[in-house]
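Chemist: Would you be able to build a 3D model of this:
(2 chains, ligands or ions: 1)
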Amino acid sequence: MDEKTVTVQDTNPMDTETLEVNFGPQHPSTHGVFRMNIVLDGETIVSVKPVMGYLHRNHEQIAENLTYAAVMPYTDRLDYFNSMANNFGYALAVEKLARIEVPERAQYIRVIMAELTRLVNHVSVIGFLLNDLGAFFTPVLYAFREREKILDIFEAISGSRMMCNYFRFGGVKRDVSDADLEQIRKIVQKFPAFLDEFEALLTKNEILCMRCQNVGVLPPDLAVNASITGPVLRASGVNYDIRKVDRYSIYERFSFRIPLGDKGDVYDRYYVRILEMRESVKILEQALKGIRPGEFIHPKSTSFLKLPRNFKPPVGEAYGRVESPKGELGYYLVSDGTPQPWRYHVRSPSLINLTVLEDLCVGHKVADAIIILGSIDIILGELDR
Amino acid sequence: MAFAKNISAIDQGIKNELAQKGIVIATLNDLYNWGRRSSLWPMQFGLACCAIEMIATACARYDIARFGAELFRPSPRQADFMIISGTVTKKMAPLLVRLYNQMPEPKYVLTMGACAISGGPFIDGYNVLRGIDRYIPVDVHLPGCPPRPEALLYGLIQLQKKIDSQEIEKCEWYQKGLKRVYPVPEYGPHGLIPKYNPEVWRPRQEELRKQRYGQPILTGKKTKAPHLDVVTTAPSS
Ligand code: SF4
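Modeler: Numbering: from 1, shown residues only, chains lettered A, B, ... in the order given. Okay, here's the model as predicted:
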């Protein structure tokens, strides 16, 4: 009996030691070169400290030394999954600054491209999330099969698969031919069938439910206080979508719903993305019906696109924002009347959404940290800039 | 790229004749290189935008598995070659050199994209390394921003050709005293120390960039902030 009491004293909970684990920057599940310092107690996470800056490419500093038009290709490289959405935000900001009008057809083309990018982004993100869950590479193969089809269209209209550089101030670079529109129509028609297939594999899968439900719950008040935006916010049940709130471009013409989650866990973030894709398909269908022949770029803006050094917006500031697939992507510009912006700042959703990482992870097991990170959906190019 | 042909000591005519009877003759070099080049294991390591094209190459449409290089290894200890896919920042460069040092011989490096070659579009950035070849030797450079998946496959074929041209008696990694471990640069107050490794890279004498593209872009000339309150702000929406 004496011995037993001794052993009980030995396993005093005060005796455990915490373990510090360095995770990344070279790790297959960090979505690039992201690094976390995780402190573990057994397998439970005690604290998470992100270390950033491994992909700091001086986007803002370089842009302040370029002309306004020359910044456009750099915005492609911010969030390299959805270059079109990045172009969109920057074009909106400059148009606000210089008060440029955009013709009707260009607006439609912009919306079509932005929604196609949303499909590309969400489908790949879900693929990578499942990669992190352990379904190694199979969902990614399905996702990239669809992605390639959409990239083909991007290539046909802009000349590049990923870095499209397609938007211009006051319109878009090239017109979209009828054959391309027909191709887009075909993809949009078939996309719901693909989503059904994807969902049949995943949504009610027991392993997925067990791993994702009640993991990384983000309460709505914390989400609002930390200024989280995008699908992560909506999965927590807050109805905030810049397409509805700001009604930029011509989004008020389309009828679509905002899918909301009710718990805010990883599963909700996954499912909100699936539902958002279904809504995007609706917007695309309406846009493809509504598009009419016309000008694809405002005739006034073609002149300064040939001579970008002559494009001098009036002194002032402007903030253009779009609902990028990751959240609110904003561009803040201050002009001093010269061909180069005085100040250029990007409000990147990846960086701001990542601020809640520690709150989501603490108390969960170490394997959950990876899927929580995957469900927040960060892109390092945009995070570090 | 110019390669030495893999010179086979056996006459091609005899080889063909025997092949018709079902006898295959190969030199040890052929066999050795055939084995090495047909199962290259890349290191799974994405740096920036180009990594997405690398993943696309591994997926169904382009299918890098046809070239035997589909097994992406997360650990440098198991990898044969490293695809440096994206911008190498000064914060990342020491880690890359260390990863390279950890790879077992024989090891190869393939840079993918303008950024990894020379800094690419971000060459003017204060935090961007102007090419990873300043610190480690590179076998294949793949230009493009980003290179298409076909280009990555082409680069892989070029690497296979290079492997084919190596000979077992002459290759470096069986020589005595080979140490292909390169010094890891350190973070200094103004970038990395040393600036480059003179063993693998030397700065060019002529300024190619100025010759080809003229004066570099203006930097840091502005000193006075605009008076925003003087002007009416842009109308909302
Ligand atoms: S070369 Fe282009 S696509 Fe590749 S990492 Fe650099 S900026 Fe990105």
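Chemist: What parts of chain B come near the ligand?
Modeler: Proximity of chain B to the ligand (CB under 6 Å from any ligand atom) is limited to residues B:48, B:49, B:50, B:86, B:87, B:113, B:114, B:115, B:120, B:121, B:145, B:146. Every C-beta, even on glycine, is put in place using the N, C-alpha and C of the backbone.
Chemist: hmm, try it at 5 Å
Modeler: Residues of chain B lying near the ligand by CB under 5 Å from any ligand atom: B:48, B:49, B:50, B:86, B:87, B:113, B:114, B:115, B:120, B:145, B:146.
Chemist: Of those residues, keep whichever come out buried.
Modeler: With burial judged by 16 or more other CB atoms under 10 Å in any protein chain shown, the buried subset of the residues of chain B next to the ligand is B:48, B:49, B:50, B:86, B:87, B:113, B:114, B:115, B:120, B:145, B:146.
Chemist: pretty sure the fourth one contacts residue B:46?
Modeler: To tie it back to what came earlier, the one meant is residue B:86. Yes. Between residue B:86 and residue B:46 a contact is recorded at 6.7 Å, counting by CB atoms under 8 Å.
Chemist: picking up where we left off before, can you redo the residues of chain B next to the ligand as CSV with pLDDT?
Modeler: Listed next are these as CSV, based on pLDDT from 0 to 100:
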residue, pLDDT
B:48, 84
B:49, 85
B:50, 87
B:86, 86
B:87, 88
B:113, 88
B:114, 89
B:115, 88
B:120, 84
B:145, 86
B:146, 87
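Chemist: Residue A:73 against residue A:164, yeah?
Modeler: No. Using CB under 8 Å as the test, residue A:73 is too far from residue A:164 to be in contact (9.3 Å).
Chemist: For those two, work out which one has more neighbours and name it.
Modeler: Each of residue A:73 and residue A:164 has its neighbours counted (other CB atoms under 10 Å in any protein chain shown); residue A:164 has more, 25 against 17.
Chemist: and the gap between that one and residue A:114?
Modeler: Counting by CB to CB, to the nearest Å, the gap from residue A:164 to residue A:114 is 11 Å.
Chemist: Tally up the residues packed near residue A:355, please.
Modeler: Neighbour tally, residue A:355, other CB under 10 Å: 13.
Chemist: same question, the one 3 residues further on
Modeler: Look at residue A:358: counted by other CB under 10 Å, it has 16 neighbours.
Chemist: Quickly find the element holding the nearest residue to it once chain neighbours are set aside.
Modeler: Using CB to CB, 6 or more residues apart in numbering or on different chains and skipping the chain neighbours, the partner closest in space to residue A:358 is residue A:48 (4.6 Å). Per DSSP states H and E, residue A:48 falls inside strand A:44-51.
Chemist: Might you list the low-confidence residue ranges for chain B?
Modeler: When residues are selected by pLDDT under 70, those of chain B lie in B:1-10, B:214-223, B:229-237.
Chemist: Report pLDDT for residue A:294.
Modeler: Per-residue confidence (pLDDT) for residue A:294: 84.
Chemist: what about it, neighbour count?
Modeler: 12.
Chemist: The stretch 151-300 of chain A: helices as residue ranges?
Modeler: Ranges of helices in the stretch 151-300 of chain A, per DSSP state H, counting those that start in this stretch, are A:178-202, A:206-212, A:220-225, A:231-235, A:242-245, A:266-290, A:299-306.
Chemist: which of these is buried the deepest?
Modeler: Comparing those by mean neighbour count (mean count of other CB atoms under 10 Å in any protein chain shown), helix A:231-235 ranks first with a mean of 29.
Chemist: what pLDDT, on average, does that helix get?
Modeler: On average, helix A:231-235 scores 90.
Chemist: What is that helix packed up against?
Modeler: Contacts defined by 3 or more CB pairs under 8 Å, 6 or more residues apart in numbering or on different chains; DSSP states H and E place helix A:231-235 against helix A:220-225, helix A:266-290, strand A:327-335.
Chemist: now those in a markdown table, with mean pLDDT and distance to residue A:98?
Modeler: A markdown table is the format used below for the helices and strands packed on helix A:231-235 (pLDDT from 0 to 100; distance: least, CB to CB, whole Å):
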| stretch | mean pLDDT | distance to residue A:98 |
| --- | --- | --- |
| helix A:220-225 | 90 | 33 |
| helix A:266-290 | 90 | 26 |
| strand A:327-335 | 89 | 8 |
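Chemist: Just the pLDDT at the residue of chain A found nearest the ligand, thanks.
Modeler: Here chain A gets closest to the ligand at one residue, residue A:77, 4.7 Å apart by CB to the nearest ligand atom. You'll see residue A:77 listed with a pLDDT of 87.
Chemist: my guess is it contacts residue B:52, does it?
Modeler: No. The criterion here is CB under 8 Å, and residue A:77 misses it with residue B:52 at 11.2 Å.
Chemist: okay, those two: which has more neighbours?
Modeler: A direct count of neighbours by other CB under 10 Å for residue A:77 and residue B:52 places residue A:77 higher, at 27 against 23.
Chemist: what ranges do the strands span in the chain?
Modeler: Defaulting to chain A. Remark: strands assigned in chain A by DSSP state E are A:19-23, A:35-41, A:44-51, A:167-168, A:171-172, A:316-324, A:327-335, A:341-347.
Chemist: Actually, chain B is the one I wanted.
Modeler: Going by DSSP E, chain B shows strands at B:42-43, B:81-85, B:108-112, B:140-142, B:186-188, B:191-193.
Chemist: Regarding chain B, what is its longest helix?
Modeler: helix B:149-164 (DSSP state H).
Chemist: got the buried residues for that one?
Modeler: Applying a neighbour-count criterion of 16+ other CB under 10 Å, one finds B:149, B:151, B:152, B:153, B:155, B:156, B:158, B:159, B:160, B:162, B:163, B:164 buried in helix B:149-164.
Chemist: Out of those residues, which is nearest to residue A:36?
Modeler: Minimum distance to residue A:36 across these is 29.2 Å, recorded for residue B:152 (CB to CB).
Chemist: Next one: the closest one relative to residue B:40, how far apart?
Modeler: Residue B:152 is 12 Å from residue B:40, where distance means CB to CB.
Chemist: Any idea how many residues pack against the closest residue to residue A:383 other than its chain neighbours?
Modeler: If the residues on either side of it in the chain are set aside, residue A:383 comes closest to residue A:350, at 4.3 Å by CB to CB, 6+ apart. A count of neighbours around residue A:350, defined by other CB under 10 Å, yields 25.
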